[in-house]
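Engineer: show me how the following folds:
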Amino acid sequence: DVVNAPWYWNDLQFILEDSRHILSGYPDGTFRPDTVLTVEQFVKALVVACWYTTIEPDKTDWSLPFRNKAVEIGILKSGDFTNYKRAITREEMAMLVIRANKYLNPEDKYADQTKVATLVNDTNAITASRKEAVLQAYGLGILLGYPDGNYKPKNTLKRSEAVAVIRRVVDAAAR
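Structural biologist: Modelled structure (predicted):
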């Protein structure tokens, strides 16, 4: 279901070929690029991207061990979410991505946010507590936004977007 080399093609190939198995397709051979990710699915992907590849899902709450590891390594903090089964927004994704990036790439230097903010048309739409993370991710080249210059922070995160963002976290050369 991924045809004609879409914009995320190289990122998808990188993620699918990565030994960590950060994100994969479905058993029927599809990737479903327009399907949105839930909070728990994205948290799991980031934990696996941080090289925690042998965590076993819990029988009653499959994502609990991944969430626990995410808390342990600083990707999740108490109070971030009350519902892990709902779709994750793009601004929430940025918050988690920056935390994962600080874990994986502690040497990264972050740009002046006031300068970066001029690159994003809809900075006023970003929740105040997540604005710093969004702008840090933009400054690093992890986030690129949409061609119209907007970030659309309240939109939900699609699988196609997730592979691009995660690749830029684990492969700085892709930024």
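
Engineer: quick one: average pLDDT of stretch 41-57?
Structural biologist: The average pLDDT within stretch 41-57 is 97.

Engineer: scratch that, stretch 112-126 is what I was asking about
Structural biologist: 94.

Engineer: what of stretch 60-68?
Structural biologist: Rounded mean pLDDT across stretch 60-68 is 97.

Engineer: just the C-alphas of that stretch, formatted as PDB.
Structural biologist: Extracted in PDB, the C-alpha atoms of stretch 60-68 (Å, rounded to 0.1, in the frame of the first residue of the first chain):
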ATOM      1  CA  THR A  60      -3.000  -7.600  30.300                       C
ATOM      2  CA  ASP A  61      -1.600  -4.200  29.100                       C
ATOM      3  CA  TRP A  62       0.800  -4.800  26.300                       C
ATOM      4  CA  SER A  63       2.300  -1.300  26.500                       C
ATOM      5  CA  LEU A  64       2.900  -1.100  30.200                       C
ATOM      6  CA  PRO A  65       6.500  -2.400  30.100                       C
ATOM      7  CA  PHE A  66       7.400   0.100  27.400                       C
ATOM      8  CA  ARG A  67       5.800   3.000  29.300                       C
ATOM      9  CA  ASN A  68       7.700   2.000  32.400                       C
END
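
Engineer: can you give me the buried ones in that stretch?
Structural biologist: 63, 65, 66, 67 (16 or more other Cβ atoms under 10 Å). (C-beta placed from N, C-alpha, C; glycine too.)
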